[in-house]
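[1] Quick one: sequence plus predicted model below, questions after.
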Amino acid sequence: MDVKVIKQIFGSPTHVNAILLFYNGGVYFDNITGLTKALGKSHVTVRKVVSDLLKVGILKEVPIGRSRVIKINEDSPYTKALFEFLDKIKAIEEGKAEKDRIKTLIEKRKGSSDNNKKNSIKMSDIKRWV
């Protein structure tokens with residue numbers, strides 16, 4: 001495995017944020033200036049990130065008039081593998097969130113049933129009163 005490719009993909013948090021911007025954005029595309037605004041980073045930093053991701057083939061530049069627009073390269077095997085990986089991470093995170101939500105509901109229900117047990121009238125109490 002070529003470590004250089006992995007470094008070009010995950011070189012910095014800005015690389016990851018750029019990837020997530022395209023992953024979460026569907027058919028998102030923009031120029032470098034738009035990406036600098038979206039990522040909150042300098043033009044030089046974003047140009048470096050885009051350059052790395054272009055070299056690997058995850059992103060591609062499309063000329064539109066005199067501008068060059070950056071978009072995800074859906075045909076790249078690296079993009080497909082990366083998005084499958086992100087899909088799996090997302091599913092794990094959603095599963096954890098769902099498990100945590102269910103656990104919280106169970107704990108709340110358990111807590112309320114404990115309170116109900118403390119406040120409930122027992123059959124022996126009824127027999128004693130009658």
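    Good, I have the coordinates.

[2] Pull the contacting residues for the closest residue to Leu86 other than its chain neighbours.
    Excluding its sequence neighbours, the residue lying closest to Leu86 (CB to CB, 6 or more residues apart in numbering) is Tyr23, at 5.4 Å. Every C-beta, even on glycine, is put in place using the N, C-alpha and C of the backbone. With contact taken as CB atoms under 8 Å, 6 or more residues apart in numbering, Tyr23 is in contact with 72, 82-83, 86.

[3] and if you look at Ile19?
    Contacts of Ile19 (CB under 8 Å, 6+ apart): 9, 53, 58, 82, 86.

[4] so the residue nearest to Leu86 is in which element?
    helix 13-24 (DSSP states H and E).

[5] State the pLDDT value of Thr79.
    Note on Thr79: pLDDT of 93.

[6] can you confirm it is in a helix?
    Yes. Under DSSP: H, G, I helix; E, B strand; the rest coil, Thr79 falls within a helix.

[7] from the contacts of Ile19, which two are the most distant?
    Farthest-apart pair in the contacts of Ile19 is Leu53 and Leu86; separation 14.2 Å (CB to CB).
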